[in-house]
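In: Sharing a sequence plus its predicted fold:
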Amino acid sequence: MDDIKAVEWLPLQAAIERLSLTREHDFLRSIGHKALRRTRKRQAAAQDIRAER
């Protein structure tokens, strides 16, 4: 991975807009929303567990 010079974390929509290939747009649009939903569920569950302690 010597070709990667920097990483920039962006909101999902901004990341999608930066992509140049249609298949990249489609992939990130479909997978990105699922990943964000899953992450939010896990964060909520972790907060519930901490609240119970």
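Out: Sure, I can see it. The shown structure was predicted, so the numbers you read here are calculated from the model rather than taken from an experiment. Numbers count the residues shown, from 1 in each chain.

In: all contacts plus neighbour counts: C-alpha atoms, from now on.
Out: Fine.

In: Around residue 16, count how many other residues there are.
Out: Using other C-alpha atoms under 10 Å, residue 16 has 19 neighbouring residues.

In: next helix or strand past the helix or strand hosting it?
Out: Secondary structure assignment for residue 16, by DSSP states H and E: helix 12-18. Downstream of helix 12-18, the next assigned helix or strand under DSSP H and E is helix 22-52.

In: Packing partners of that next one?
Out: helix 12-18 (3 or more C-alpha pairs under 8 Å, 6 or more residues apart in numbering; DSSP states H and E).

In: residues in contact with the helix holding residue 16?
Out: With C-alpha atoms under 8 Å, 6 or more residues apart in numbering as the test, helix 12-18 has contacts from 24, 25, 28, 29, 32, 33.

In: Buried only: go through these for me.
Out: Neighbour-count burial (16 or more other C-alpha atoms under 10 Å) is assigned, among the contacts of helix 12-18, to 25, 28, 32.

In: Minimum pLDDT in those, which residue is that?
Out: Of all those, residue 32 carries the smallest pLDDT score, 88.

In: Give me the distance between it and residue 45.
Out: Distance of residue 32 to residue 45, computed by C-alpha to C-alpha, to the nearest Å: 20 Å.

In: repeat for residue 23
Out: For residue 23 relative to residue 45 (C-alpha to C-alpha), the value is 33 Å.

In: likewise residue 4?
Out: From residue 4 to residue 45 the distance is 34 Å (C-alpha to C-alpha).

In: One more: residue 29?
Out: Distance, residue 29 to residue 45, by C-alpha to C-alpha: 25 Å.

In: Residue 24 now?
Out: 31 Å.

In: in stretch 46-53, what counts as buried?
Out: Residues of stretch 46-53 include none that count as buried (16+ other C-alpha under 10 Å).

In: For stretch 33-50, give me every contacting residue.
Out: With contacts defined as C-alpha under 8 Å, 6+ apart, stretch 33-50 is touched by residue 12.
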